[in-house]
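Asks: What follows is a predicted protein model with its sequence.
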Amino acid sequence: MTAKISLAGVAKRFGSKVVLDGVDLDVAPGESMVIIGGSGTGKSVLIKCILGLIAPDAGSIRIDGQDVVGLHGSALATSRARFGMLFQGGALFDSLPVWRNVSFALSQGGGGHAAEMRAAAIDNLARVGLDAGVADLRPSELSGGMQKRVALARAIAARPEIIFFDEPTTGLDPIMADVINNLIVELVRDLKITALTITHDMGSVRKVAHRVAMLYAGKIVWSGPVADIDNSGNAYVDQFVHGRADGPIKMAMRRP
Amino acid sequence: MNALLAFPIAVGAFVIAGLRATGRLTLFAGQALWRALLPPYYPARLLEQMLLIGWFSLPVVGLTALFTGSALAQQIYIGGSRFNAASTVPAVTVIGIVRELGPVLGGLMVAGRVSSAMAAELGTMRVTEQIDALATLRTDPFRYLIVPRVLAAVIVLPFLVLVSNALGVMGGWLIATQRLGFNSANYLTTTAKYLEADDVVSSMVKAAVFGFIIALMGCYHGFHSSGGAAGVGRATTNAVVSAFILILLSNLIITVIVFGS
Ligand SMILES: Nc1ncnc2c1ncn2[C@@H]1O[C@H](COP(=O)(O)OP(=O)(O)OP(=O)(O)O)[C@@H](O)[C@H]1O
Ligand SMILES: [Mg+2]
């Protein structure tokens, strides 16, 4: 079976700063993959490379066996139509009301029957635990956690085949975080989507992941089934999972 | 490195950077024109932009033209009196306004209002990843954001400049009849006699070109901004300054081509 997403040797640097240094990763169809790794290791950059928002310097990215690096115009648009993306910062359109945001992919930027779009938006808002009352608010009138959930509703509204979640539970209370984890699990189980989630939240990892990959120093240093993360035999994974300051991963900071 | 080479190397780097920027801008302009032709179209966005650019610029463009037309007529009167040619006021005013000042000042005022606003809005959308988000929501950011703005500016600027011309002439007429002792009917007859269709057409052509420049500069700098709030600030400044310079330069070129021969 061909992998849904297959990365080989993906490299990216900004100026002299090497961020990705040969990333190899395969995600099977219908699989929920979670990428873990320290802050600033390039997890968000990796996802943007897959989406074609950032051009990698080297390597190949295959979606359903088709190389998507360097696609442009309508080929790129067709390729992108398979993806949904929850941006780490939300990236909500602040000039549009919440319901227009959520139905954006369905209406493709304002078309479509307004009443239908509103209904679809309210439906998706309900899935992330928001009631219809927020539909007419502007994103700036929402709390940070509510914005995150609106962004999540927007990412899933068109039911894409592949969804990227960049830190879906950051900034949410523990109960709401669990609601979102359940939502991701449901999407994968019931709608058979392929999910790629970035998170620092180990509770989230254990709940949503089928497999886990750890990004460190521009490479995937370990990947395996979620059941193995506690005995991965990998010192980097161990340190990360247990959240220890001491270990092979050195945080760049000054000692007092 | 040899100190003698430092200067040519610096000049070379500057020239290459300039060429690269020109190339990027040309590509951007080409994309804007090319993608305007192909669907999907966003008529609601186009109307919204026409309203923002056209309607809301009317007060500032109108006032500018009115004041400048009055000042121009006053100066022509003073200058003309020295040669016993004070009667040229209506003729020179209408030619000066329609051929040059109406479109140029109108264009500059709209650039100040609109290029900056576009650069700030698109720049903010860029740094908050809203432009990236568009691309992941089955929408081409170029067609959704840039094409409506460029089209709207090209369409409305000629009409704005018509208003600018009319109010500029009216400013001249006001001061001539109220302060300089001209007869109202005579003034208007002379104005009409020297107002030529070609001048109005060239005025509107200039306006359309300026509209393209205004939207293109605002969009280009906003779309390519980076580096947070400071980056958006830079993009806004660059948009206005480059729009001003390109408007004045293209005005000179059109004037030389149309009137110089
Ligand atoms: N557009 C850009 N230009 C220059 N450098 C960038 C750009 N985008 C990201 N970087 C750099 O790439 C590195 C990785 O960034 P990225 O956002 O992928 O980190 P991350 O792993 O998602 O971290 P976090 O967990 O904190 O979100 C960072 O050091 C960042 O400075
Ligand atoms: Mg990130």
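Replies: Here it is on my side, so go on. Numbering: from 1, shown residues only, chains lettered A, B, ... in the order given. Ligands and ions are numbered 1, 2, ... in the order given.
Asks: mind checking the SS state of A:Asp247?
Replies: That one is not Asp; residue A:247 is Gly. coil (DSSP: H, G, I helix; E, B strand; the rest coil).
Asks: got the contact list for B:Phe223?
Replies: B:28, B:122, B:126, B:131, B:141, B:145-146 (C-beta atoms under 8 Å, 6 or more residues apart in numbering or on different chains). C-beta: built from backbone N, CA, C; applies to glycine.
Asks: most neighbours, which of the residues you listed?
Replies: B:Leu122 (27 neighbours; other C-beta atoms under 10 Å in any protein chain shown).
Asks: Let me see the backbone angles for A:Leu25.
Replies: Main-chain torsions, A:Leu25, degrees, to the nearest 10: phi -160, psi 140.
Asks: Which residue is the nearest non-sequential neighbour of A:Gln147?
Replies: A:Gly90 (4.7 Å; C-beta to C-beta, 6 or more residues apart in numbering or on different chains).
Asks: which outside residues touch the helix or strand hosting A:Asp178?
Replies: Assessed by DSSP states H and E, A:Asp178 sits inside helix A:174-190. Contacting residues not belonging to helix A:174-190 are listed as A:30-32, A:127-129, A:145, A:149, A:152, A:156, A:163, A:165, A:168-169, A:172, A:193-195, A:197, A:201, A:203-204, A:207-208, A:210 [C-beta under 8 Å, 6+ apart].
Asks: from these, which ones fall inside helices?
Replies: With helices taken from DSSP state H, the overlap with those comprises A:127, A:145, A:149, A:152, A:156, A:203-204, A:207-208.
Asks: check those residues against ligand 2, which are close?
Replies: Residues shared between the ones in helices among the contacts of helix A:174-190 and the neighbourhood of ligand 2: none [C-beta under 5 Å from the ion].
Asks: Mind giving me the PyMOL select for those residues, buried ones only?
Replies: Here is the PyMOL command that picks out the buried ones among these, judged by 16 or more other C-beta atoms under 10 Å in any protein chain shown:
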select buried, chain A and resi 127+145+149+152+156+204+207+208
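Asks: In JSON lines: the ones in helices among the contacts of helix A:174-190, plus pLDDT.
Replies: Shown next, in JSON lines, are those (pLDDT from 0 to 100):
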{"residue": "A:Arg127", "pLDDT": "89"}
{"residue": "A:Gly145", "pLDDT": "85"}
{"residue": "A:Arg149", "pLDDT": "91"}
{"residue": "A:Leu152", "pLDDT": "92"}
{"residue": "A:Ile156", "pLDDT": "92"}
{"residue": "A:Gly203", "pLDDT": "91"}
{"residue": "A:Ser204", "pLDDT": "93"}
{"residue": "A:Lys207", "pLDDT": "94"}
{"residue": "A:Val208", "pLDDT": "95"}
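Asks: What residue in the stretch 151-261 of chain B comes nearest to ligand 1?
Replies: The nearest approach of the stretch 151-261 of chain B to ligand 1 comes at B:Ser226, 6.9 Å away (C-beta to the nearest ligand atom).
Asks: Now do the contacts for that residue.
Replies: Applying C-beta under 8 Å, 6+ apart to B:Ser226 gives the contacts B:126-127.
Asks: repeat for A:Gly243
Replies: A:Met202.
Asks: Test for you: state the pLDDT assigned to it.
Replies: Looking at A:Gly243, its pLDDT stands at 86.
Asks: Okay, it and ligand 1: tell me how far apart.
Replies: 14 Å (C-beta to the nearest ligand atom, to the nearest Å).
Asks: Also A:Ser223?
Replies: Applying C-beta to the nearest ligand atom, the value for A:Ser223 to ligand 1 is 16 Å.
Asks: ok, that residue touching A:Met214?
Replies: Yes - A:Ser223 is within contact range of A:Met214, at 7.1 Å (criterion: C-beta atoms under 8 Å).
Asks: Spell out which residues sit in contact with A:Leu106, please.
Replies: So A:Leu106 contacts A:112, A:117, A:120, A:157-158 (C-beta under 8 Å, 6+ apart).
Asks: Report how many residues lie close to residue 185.
Replies: All of this is about chain A. 15.
Asks: not quite, I wanted chain B
Replies: 9.
Asks: What parts of chain A come near ligand 1?
Replies: Applying C-beta under 6 Å from any ligand atom, one finds that chain A approaches ligand 1 through A:14, A:19, A:37, A:39-45, A:88.
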